[in-house]
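Output the structure for:
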Amino acid sequence: MAETSWPFDKGDGQRVDPARWQSLTTVAAPSGVVGRWGDAALSVSVSPSRAGAVDVAPGKAWVRGFIYQTDQPVTLPLSTQTEPNPRVDLVVIELDIPNSTASLRILKGQPAAVPMPPGVRQIDGGLWQYPLAQVTVRRGQTAVDTIRDVRTLLDAGRPPAVTATNIPTNPTPGDLAYYKSPDSGAEELHMYASRGGWSIAASLGKAMSYTPQLNYDAGSYSAKGQYQWLSSNSMFVSINLRNTSGKTWKTDALNVTLPTKSRGGMWQVLTCALMNNEHGDGNGGMPNYVIGSAYTYGGSSVQPVFQTTGAPMNGGDWWQSFPVDSTLIITGVYVADYFREGNA
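Now for the predicted structure:
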């Protein structure tokens, strides 16, 4: 292959056609909607003016090296739906390099009991379809059921902001994306890796809260839990459970729910302790302070083992007594099942 270079003001370097321009710009700039987190640019919503249609808000996008922009809302009609199953359509910006255009269109999905969005065509020098939203069309009628925003928002060199995970198209190992959960409000930095694809590189900001649950209920108890992702598959968790029922609980082995499932196929250990000093030594048959470990072998819970349950000579045993006004503490890091590896 002969050497070549561009752009220049003379020689072959003067020729910057769409193919050359695309090969020049796509190296440095991913496709996405120009805007910051929370912007409505090119967002998709149910059309208030036309039945069986969606509106795309004004905005600008960078699509495989080319700009698409609309300064007014664009209304797109849905294809007629008469099937007994729902379908998922895909709203895209379609870059058509051979015809030197870029425009909005809807790719029609296939009706199914569990419908999936249609695939996109992404060919350099040809058609390149950039997705904006997945639109679920109700069964038997041309009407919108739900809209899932799948835009990637780009802003001056910052990691792109995404509204759903696994969205940036044509990722390369090392790519980053900012994600904020619409349900929990959790803010995360996601990274793409050759082993596993997109995953959480780290939680951002304050730790998230959740309410841990016991597998046994003999009355009231207070529960407080916090967690943060530390890396692609590592979760930090801190749990406090206090027996506020006014009585001591005696039962079989107690366990506590985790914020997300642990990886199966291997034992994991967190640190735990029981603070039991409000009613003097021996409250509920337990000493003032008991140390132990909390074990998990996959699944959504962790099971404490105390080293001084009953007579110290007996060694450790599962947690079976929750003295009145005592507090269970669990803290540590565990390997989560983010990649759904099961017991592999």
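
use CA for all of it now, contacts and neighbours both
Fine.

Y216 touches L254, doesn't it?
Yes. Using C-alpha atoms under 8 Å, Y216 is in contact with L254, at 6.7 Å.

Looking at those two, which is more packed in?
Per other C-alpha atoms under 10 Å, whichever of Y216 and L254 has more neighbours is L254, with 19 against 14.

quick one, strands of the stretch 151-300 of the chain?
With strands called from DSSP state E, counting those that start in this stretch, the stretch 151-300 of the chain shows them at 152-154, 161-162, 176-180, 187-193, 197-204, 208-210, 221-231, 234-243, 249-250, 256-262, 268-275, 289-296, 299-306.

Could I get those strands in CSV, plus columns for mean pLDDT?
Compiled in CSV, these are given as follows (pLDDT from 0 to 100):
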stretch, mean pLDDT
strand 152-154, 84
strand 161-162, 79
strand 176-180, 85
strand 187-193, 88
strand 197-204, 89
strand 208-210, 95
strand 221-231, 95
strand 234-243, 96
strand 249-250, 89
strand 256-262, 95
strand 268-275, 94
strand 289-296, 91
strand 299-306, 91
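
Just send these back as TSV, with mean neighbour count too.
Listed next are these as TSV, based on neighbours: other C-alpha atoms under 10 Å:
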stretch	mean neighbour count
strand 152-154	26
strand 161-162	26
strand 176-180	23
strand 187-193	21
strand 197-204	20
strand 208-210	17
strand 221-231	18
strand 234-243	22
strand 249-250	17
strand 256-262	21
strand 268-275	20
strand 289-296	20
strand 299-306	22
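
Can you check which of those gets nearest to S49?
Closest of the strands of the stretch 151-300 of the chain to S49 is strand 152-154, at 26.9 Å (criterion: C-alpha to C-alpha).

Parallel or antiparallel, which strands does that closest one pair with?
Note on strand 152-154: by DSSP bridges, its sheet partners are strand 32-34 (parallel), strand 161-162 (antiparallel).

contacting residues around it?
31-37, 160-163, 167-168 (C-alpha atoms under 8 Å, 6 or more residues apart in numbering).

Likewise for stretch 199-214?
Contact with stretch 199-214 is made by 186-193, 223-233, 239, 254-259, 338, as judged by C-alpha under 8 Å, 6+ apart.

now swap in stretch 333-344 and tell me
196, 199, 232-237, 260-266, 268-270, 298.

Name the weakest-confidence residue in the contacts of strand 152-154, if you would.
Ranked by pLDDT, those bottom out at I167, which has 63.

Only C-alpha atoms, please: export stretch 202-211 in CSV.
Output in CSV follows, covering the C-alpha atoms of stretch 202-211 (Å, rounded to 0.1, in the frame of the first residue of the first chain):
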residue,chain,number,x,y,z
ALA,A,202,-15.9,2.8,40.3
SER,A,203,-18.8,4.4,42.2
LEU,A,204,-18.7,8.2,42.2
GLY,A,205,-19.7,10.5,45.1
LYS,A,206,-21.3,9.4,48.3
ALA,A,207,-21.9,5.8,49.2
MET,A,208,-25.3,4.5,48.3
SER,A,209,-27.7,3.3,51.0
TYR,A,210,-29.8,0.2,51.1
THR,A,211,-31.9,-1.7,53.7
